[in-house]
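**Q** Build me a structure from this.
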Amino acid sequence: MIAEFWINLGTSISVWFASLWPDFTPPAWVSGFPDRVNSLLSSLSGVGVWAEWGYIAGVVAFVIVVYISGFVIRFARWVWSLIPLVGGGS
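**A** Modelled structure (predicted):
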């Protein structure tokens, strides 16, 4: 429901922005985007039988945590290298 609101808002803004030029009409795929997303999500709703979404969410969360921790470590190394007489390259 919230995602549908943001998709409709983005579509409305893009259609409005494209309609600022009088001789340009937005293509149908821009204004029909929310309908395509809804049909895609409705067709994916039956996949829950074969895919363990809890396991998939855990794996995705683990990958995101690994990436974030890598960036935090890199940032800390960069900050440490800025301290005079400590040195080191980033």
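
**Q** Got phi/psi on Leu20?
**A** phi -70, psi -30 (degrees, to the nearest 10).

**Q** what are the ranges of the helices in the chain?
**A** For the chain, the helices defined by DSSP state H cover 2-18, 28-31, 33-44, 53-81.

**Q** ranking these by mean pLDDT, which is last?
**A** Lowest mean pLDDT within those: helix 28-31, at a mean of 74.

**Q** hmm, who's touching it?
**A** Contacts with helix 28-31, where a contact means C-beta atoms under 8 Å, 6 or more residues apart in numbering, come from Thr11, Ser14, Val15, Ala18, Arg36. The C-beta positions use only the backbone N, C-alpha and C, and glycine is treated the same way.

**Q** Would you mind extracting the C-alpha trace of that helix into PDB?
**A** Output of helix 28-31 as PDB, limited to C-alpha atoms (Å, rounded to 0.1, in the frame of the first residue of the first chain):
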ATOM      1  CA  ALA A  28       1.800   4.900 -22.200                       C
ATOM      2  CA  TRP A  29       4.400   2.800 -20.300                       C
ATOM      3  CA  VAL A  30       5.100   5.900 -18.100                       C
ATOM      4  CA  SER A  31       1.500   6.400 -17.100                       C
END
